[in-house]
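Peer 1: need a 3D model of the sequence below.
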Amino acid sequence: MARGVLSFPLTSFHADGTLDPDGFRTHVAAQIATAPGAVFPACGTGEFFSLDEDEYRTVVTVAVEEAAGRVPVVAGVGYGWAQAARFARIAEEAGADALLVLPHYLVAAPQDGLIAHLAQLAARTRLPLIAYQRGQVTYTAASLRRIAQIPGVIGLKDGHSDLDRLQRLTLAAPEGFLFFNGAATAEIQARAYATVGVPAYSSAVHAFAPEIAHAFFTALNAADHRGVDTLLRDFYVPLVELRDRVPGYAVSLVKAAARLRGRPVGPVRAPLTDPSDADLTDLTALLTAGLALVGADL
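Peer 2: Modelled structure (predicted):
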């Protein structure tokens, strides 16, 4: 997964909030055409939490069809393990290659419970699992050793950005265990993650500006610190500042930026809200400037 930007496509909806399979097919095909390291449909950026099981089946099926074996398809699953297992069966039937286990619903849990949650799900699917620690889910190094022994658990996505803890986890993991940076706007911390042995990262920016995402990835891997600093200072940091204005903008702004570029992704579903007119004006200016940095147009 460290060979390319990890793509988390948006789920397309019509103006009335119903699923738009044709729009999603167009969007995910464009994402895959840029050769990401993997594609992750129906995850956080793809509004997994708002999809019913039939919609989920459609989204994962379309992603698998469009990927056509060219890149791995890792579908999101979540809630408690019993419900996650239902989504896992759908993803398996649809042809997904692996599953990203999103943080469970609502309650905090002890380490033994977090481990049991993954074990219960792993026992109910043939697909490999990547655990996602974020929100109320945080693993200790001792727990990482245990979950790495669960058949089918192959990796961890980190969204906490606690590099001290993450270094302990990477050192506790067996050889070949996958790690990737899943922090919000992961590029901001990509260099820091790489220093503890986690070079792979997810990119929400890839969903609307793959030109910028790939330019950053190329600069980072070439140790082009001037190029990285320019993109961070003039695009990514202002994007984070805009994102932080309103809860939920981590998804809403991404969708709005994709619409600005003519992508058929539609609005977000409640409880998320689309950006205000003022924030959309600021987003348009920032996106135009960011694309100009890499020689692309809005």
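
Peer 1: and Phe13, what are its phi and psi?
Peer 2: Backbone torsions of Phe13, given as degrees, to the nearest 10, read phi -130, psi 150.

Peer 1: heads up, I number from 3, so please use that
Peer 2: Shifting the count to begin at 3 puts that one at Phe15.

Peer 1: can you tell me how far it is from Arg128?
Peer 2: 31 Å (Cβ to Cβ, to the nearest Å). Heads up, the C-betas are built off the backbone N, CA and C, glycines and all.

Peer 1: more crowded one of the two?
Peer 2: The neighbour comparison of Phe15 against Arg128 (other Cβ atoms under 10 Å) goes to Phe15, with 22 against 9.

Peer 1: any idea how far the residue lying closest to the more buried one once chain neighbours are set aside lies from Tyr203?
Peer 2: Closest residue to Phe15 apart from its sequence neighbours, by Cβ to Cβ, 6 or more residues apart in numbering: Gly268 at 4.0 Å. Separation of Gly268 from Tyr203 (Cβ to Cβ): 27 Å.

Peer 1: Ala174 too?
Peer 2: 21 Å.

Peer 1: who has more neighbours, the two?
Peer 2: Tyr203 (28 against 17).

Peer 1: so that one sits against Gly184, correct?
Peer 2: Yes: using Cβ atoms under 8 Å, Tyr203 is in contact with Gly184, at 7.4 Å.

Peer 1: check contacts around Val267.
Peer 2: Neighbour list for Val267: 12-15, 25-26, 29, 257, 260-261 [criterion: Cβ atoms under 8 Å, 6 or more residues apart in numbering].

Peer 1: most neighbours among these, please name it.
Peer 2: That'd be Thr13 among these, by other Cβ under 10 Å, with 31 neighbours.

Peer 1: distance of that residue from Val109?
Peer 2: Distance, Thr13 to Val109, using Cβ to Cβ: 26 Å.

Peer 1: fine by me, we can end here.
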